[in-house]
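Colleague: what follows is a predicted structure for the sequence shown.
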Amino acid sequence: MTVGSAPADGTAPGAEAAGATADALRVDDLHVAFPTRDGVIRAVAGVSYRIARGRTLGIVGESGSGKSMTALAVLGLVPRPGRILKGTVRVGGDVINGLDERAMSRVRGARVAMIFQEPMTALNPVLTVGAQVAEAWSLHRRADTGKAREAALALLARVRIPEPSRRYGDYPHQMSGGMRQRAMIAMPSPDIPKS
């Protein structure tokens, strides 16, 4: 898959406004490959894009074109034996590809995250949805249980889960697919809404 390097804000590549802040996400010349017995398979070949803060970028393509692999590479989650051959991933101006696993785990969820297409496979079926949202929030803030619960309730409300205090104790199978998806969106949220 190849994506043009024009930034999401519509300015020409390389043309940045004076005093502009760093892009929320910038990917430059990303290449991901998998060695096989029949040779190297290039799953991503030269992808570049920029997403300005507050903007959205949709990446479309046929099945197998590299969309998911591009997203996994941004998060440092390329499955082995695949690897990033070349390219740079920046979050808020900071280069994150090449970080060790410990440093990358501090970035995931706190600064960049992925909402997987099927939340039922991403959520733990034996833990309540509220506990999972609270745990994700707590991991990045080292908060006590009470504060994590309070934050999780605020996040569930923010993504419009009805009756968040009641739904906090629901297990994934007790929620609709849409509500599970919203709970996944709440999990990596970097901020808590003001009441």
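Modeller: Nice, thanks for sending it over.
Colleague: next helix or strand past the helix-or-strand element of the chain with minimal mean pLDDT?
Modeller: Within the chain, no helix or strand scores below helix 119-122, which has a mean of 73 by mean pLDDT, DSSP states H and E. Stepping forward along the backbone from helix 119-122, the first helix or strand reached (DSSP states H and E) is helix 129-141.
Colleague: can you give me the buried ones in that following helix?
Modeller: Buried residues in helix 129-141, counted by 16 or more other C-beta atoms under 10 Å: 129, 130, 131, 132, 133, 134, 136, 137, 138, 140. Any C-beta I mention is one placed from the backbone N, CA and C, and that applies to glycine too.
Colleague: using CSV, write out every CA atom in it.
Modeller: Listed next in CSV are the C-alpha coordinates belonging to helix 129-141 (Å, rounded to 0.1, in the frame of the first residue of the first chain):
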residue,chain,number,x,y,z
VAL,A,129,-15.5,-3.7,31.1
GLY,A,130,-15.2,-1.1,33.8
ALA,A,131,-12.3,-2.9,35.4
GLN,A,132,-10.5,-3.1,32.1
VAL,A,133,-11.0,0.6,31.3
ALA,A,134,-9.8,1.4,34.9
GLU,A,135,-6.7,-0.8,34.5
ALA,A,136,-5.7,0.7,31.2
TRP,A,137,-6.0,4.2,32.7
SER,A,138,-4.2,3.2,35.9
LEU,A,139,-1.2,1.6,34.0
HIS,A,140,-0.3,5.0,32.5
ARG,A,141,-0.9,7.1,35.6
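Colleague: quick revisit: of the buried residues of helix 129-141, which is the nearest to residue 92?
Modeller: Taking C-beta to C-beta as the measure, residue 92 sits nearest to residue 140 out of the buried residues of helix 129-141, at 15.2 Å.
Colleague: what's in contact with the least confident helix or strand of the chain?
Modeller: The contact list for helix 119-122, computed with C-beta atoms under 8 Å, 6 or more residues apart in numbering, reads 116, 172, 173, 177, 180, 181, 183, 184.
Colleague: same thing but at 10 Å, please
Modeller: 114-116, 129, 132, 172-173, 175, 177-185, 187 (C-beta atoms under 10 Å, 6 or more residues apart in numbering).
Colleague: what do you get for stretch 33-47?
Modeller: Contacts of stretch 33-47 (C-beta under 10 Å, 6+ apart): 1-5, 27-32, 59, 64-70, 72-74, 78-87.
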